[in-house]
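J.: Compute the structure for the input listed below.
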Amino acid sequence: MFTTYHLSSAQDLSNEIINTIKATYKNKAITIIVKEAEDNPILTDDQKSILDERLQEDESTYLSSEESLKQLNKKNGL
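T.: Reported below is the predicted structural model:
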């Protein structure tokens, strides 16, 4: 299991986040990796291709995120 925290600044790191990590993982061994966020995330060619395909879809068949979740919940009994 992993958890990702996105912070606007290192100054946003709080004891609450540390306590949440402790409560979640209890006595399990964990690894913490800290990296500077990229201003311009780089998309892979596959990701670009998927986005290009999505741009070509017929807008009349577009589903909102709410409708998509509603259908997934109905289909999978979530």
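
J.: Can you show me the helices along the chain?
T.: 15-25, 45-55, 65-76 (DSSP state H).

J.: Can I get these in a markdown table including mean pLDDT, mean neighbour count and distance to Ser8?
T.: C-beta here means a position set from N, CA and C on the backbone, and glycine is covered the same way. Shown next, in a markdown table, are the helices of the chain (pLDDT from 0 to 100; neighbours: other C-beta atoms under 10 Å; distance: least, C-beta to C-beta, whole Å):
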| stretch | mean pLDDT | mean neighbour count | distance to Ser8 |
| --- | --- | --- | --- |
| helix 15-25 | 93 | 11 | 13 |
| helix 45-55 | 91 | 9 | 24 |
| helix 65-76 | 90 | 10 | 24 |
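
J.: Ok, which of these comes nearest Asp39?
T.: Asp39 sits nearest to helix 45-55 of all the helices of the chain, at 17.5 Å, using C-beta to C-beta.

J.: So what's the gap between that closest one and the chain middle?
T.: 18 Å (C-alpha atoms, centre = their mean, to the nearest Å).
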